[in-house]
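Q: Dropping the sequence and predicted coords here.
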Amino acid sequence: MSSAEDRRTTLSGERGVGAVRPLRIRWLIYAYMFGFAAMAYVQRTTISVAAPELTEALQLSKQQLGWLFMAFTAAYAAGQLPGGALGQRFGPRAVFTGIGLVGVVATLATALPSYLLAGAALLGVLIAAQALLGLGQGPVFPVFATVVERWFPSRQFGLANGVISSGMLLGGALTPPLLVALIAELGWQQAILATALPALLLTLGWWHFGRDRPEQHRRVTADELAELDTMPPTPPLTFARMLEVLRDRDILLLALSYLCLNFVFYMIMSWSFLYLVEQRGLKGLESGLMAMIPWIGAAVGAAAGGVLADRLAQRHGATRGYRLLPLLSLPLGAVMLVAIPAAASAALAVAALTLAFFAIEINEGPYWAATMSIARADTGAATGVLNTGGNTGGIICQPLVAWLVASGDWSAAWITGAGFALVAAALWLAVRCEHA
C-alpha cells in the first residue's frame, strides 16, 4: 500500500461510529467551478448591459453592436473542441488558470482602449477584445465536464451540470443591477474594469487549491475515492479517438439540438436588456432589477433540471430519462417566447421572458449529462462538440436578431426563437444515450 493510501485509510479509520461525515473535497473543487461559471457570465454580459451607454458614447449602431456580440460568440464556439481536448490532455488545473488570466486581460482590453482610441480603430480593438474573451472562455464548460467526470459519481452528473449552469446564470442575474449601479456612479469603462479583480483572485485561489484528479489532492480520503465510479485507466486523448467522438451519431444529434436551444439562449442573454429598455421603456436601476428576474428564473430552472435529470435517468434509463425534460419544457418555452411581445405591460413581458428562460435552462443538465453518459472518458472532447454546436447557434443568432431588431421587428425575433426551441425538442426523439 502506498503512503497516500496509508494516510487516507488512517484518516478514514480515525472516525468513530456516529462521527460527522467530513466535507467531500469534490464539493470544494466544485465551488471553484461554480465561481468560474458565474464570473464567465459576468464578463460576457457586461457588454450587453452596458450597451445603451456604450452605443451612445461610442456612436455604435445596432449592427456594430451585433458584431461585438458575434465576435465573442464565434471565438467562444471555436474554443470549445480544442479547449475540451486541452483539458483532457493537460488537466483542469492548468487550463482553468489560463482561462482566468485570459478573462482578466480581455476585460482590461474592453475597458481601457476607449481612453486612447476612437472610431474604427476603437471598434476593431473592442471586437478583438471580445474575441479574446470568447476564445478564453471557450474551454470553461467542456473542461468543467472533465472535472465532473473525474470527481463525481455518474449518478450526480445531471445535478453537477445543472447547478453549475445556475452559477453562470446567477452571474448573469447579478450583472444588470450591479453594472447599472456602477455605470451610474463610475461610468461604463470603470464599471467593466471593476470585474477584473474578483476574476484574478478566483484564478489565483484555484491554482493554489485545484488538482486534476481526486487521487492527486492530499485532502481526499479513501472513503471519498470509493464513492466514485470504477473506470479502467484511460490513455491520453488521441486523434483517432477524437475522430470517433466527431463521428458519433448521438453526440452530433445532441450538438444540433443544442445549437437550436442556444439560439434562444443567446437571444435572451444578449438582447433582452435592450428590449426592455427600448420597447418597454424601463430606465435606470429599474431596468437592471427587472432584467435580473429572468436570469434568476433561469438559474432556478438549471438547478431543478439537473436534479430532475438524474432522477428521471435512474428511474427510466438514460435515453428516456434525459429526453423527458426537453420534450416537455421546450414547447412551453416556445409559447412563452411568442407571448413576450404580446404582453400588455412591461411586468407581463418580464414574466413571459422569465418563464421562457426557465424552460430553456432547465435542459442544461439533460444535455450535458446525456453527452457525458455517452462519452465517459472522452467527456472533454464530446462536450466540446456539444458546446461548439451550442455556440454555433449563437453565431447564427447574433446577426439575424441584430438585423430584425434594427428594423424594429422585435416580434419576429421572438417568434424565430420559438421555432428554434421546437426544433431542439424534436431532435431529442432520435437521441440514444445507452450504447451497446
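A: Good, I have the coordinates. Numbers count the residues shown, from 1 in each chain.
Q: Would you confirm that I395 contacts Q80?
A: No. The pair I395 / Q80 is not scored as a contact, 11.8 Å apart, by C-beta atoms under 8 Å. Heads up, the C-betas are built off the backbone N, CA and C, glycines and all.
Q: quick one: which of those two has more around it?
A: Q80 (27 against 22; other C-beta atoms under 10 Å).
Q: Surely that one and A381 touch.
A: No. Taking contacts as C-beta under 8 Å, Q80 lies outside contact range of A381: 9.8 Å.
Q: shared neighbours of the two, which are they?
A: By C-beta atoms under 8 Å, 6 or more residues apart in numbering, Q80 and A381 have these common neighbours: P142.
Q: quick one: what helix or strand has L174 in it?
A: helix 157-186 (DSSP states H and E).
Q: Buried ones in that helix, by neighbour count?
A: Residues 157-180, 182-183 are the ones in helix 157-186 that count as buried (16 or more other C-beta atoms under 10 Å).
Q: Then stretch 363-377?
A: Across stretch 363-377, burial judged by 16+ other C-beta under 10 Å covers 363-375, 377.
Q: From those, which shows the smallest pLDDT?
A: By pLDDT, A377 ranks lowest within these, coming in at 77.
Q: ok, that residue touching A145?
A: No. Judged on C-beta under 8 Å, A377 makes no contact with A145 at a distance of 11.7 Å.
Q: circling back: in TSV, list the buried residues of stretch 363-377 along with distance to V431 and secondary structure.
A: Compiled in TSV, those are given as follows (distance: C-beta to C-beta, whole Å; DSSP: H, G, I helix; E, B strand; the rest coil):
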residue	distance to V431	secondary structure
N363	12	coil
E364	16	helix
G365	15	helix
P366	10	helix
Y367	10	helix
W368	13	helix
A369	12	helix
A370	7	helix
T371	10	helix
M372	13	helix
S373	11	helix
I374	9	helix
A375	13	helix
A377	20	helix
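Q: For F141, state which of these is nearest.
A: Comparing the buried residues of stretch 363-377 against F141 with C-beta to C-beta places W368 closest, at 7.6 Å.
Q: State whether that closest one and L159 are indeed in contact, as I suppose.
A: No. Contact criterion C-beta under 8 Å: W368 and L159 do not qualify, at 10.9 Å.
Q: quick one: low-confidence ranges for the stretch 151-300 of the chain?
A: 230-237, 284-285 (pLDDT under 70).
Q: where do the helices sit along it?
A: Per DSSP state H, counting those that start in this stretch, the stretch 151-300 of the chain carries helices over the ranges 157-186, 188-193, 196-209, 222-226, 239-247, 249-278, 284-316.
Q: Around the closest residue to L225 other than its chain neighbours, how many other residues sit close by?
A: In space, and not counting its chain neighbours, L225 is closest to P214: 5.9 Å by C-beta to C-beta, 6 or more residues apart in numbering. By the measure other C-beta under 10 Å, the count of residues near P214 is 20.
Q: and if you look at A121?
A: There are 11 residues near A121, going by other C-beta under 10 Å.
Q: From A352, how far off is it?
A: Note on A121: its distance to A352, by C-beta to C-beta, to the nearest Å, is 41 Å.
Q: One more: D378?
A: D378 is 40 Å from A352, by C-beta to C-beta.
Q: So between those two, which is more surrounded?
A: Using other C-beta under 10 Å, the more surrounded residue of D378 and A352 is D378, with 26 against 21.
Q: ok, now which ones touch that one?
A: D378 touches 88, 237, 241-242, 244-245, counting by C-beta under 8 Å, 6+ apart.
Q: And A304, by the same measure?
A: 162, 362.
Q: do that again at 7 Å, thanks
A: For A304, the contacting residues are I362, by C-beta atoms under 7 Å, 6 or more residues apart in numbering.
Q: do the same with F239
A: Contacts of F239 by C-beta under 7 Å, 6+ apart: none found.
Q: Equivalent analysis for the one 3 residues further on, please.
A: Neighbour list for M242: 85, 381 [criterion: C-beta under 7 Å, 6+ apart].
Q: before we move on, what about G210?
A: Per C-beta under 7 Å, 6+ apart, neighbours of G210: 29, 32, 92-93, 96.
Q: how about 6 Å then?
A: Contact partners of G210, counting by C-beta atoms under 6 Å, 6 or more residues apart in numbering, are R93.
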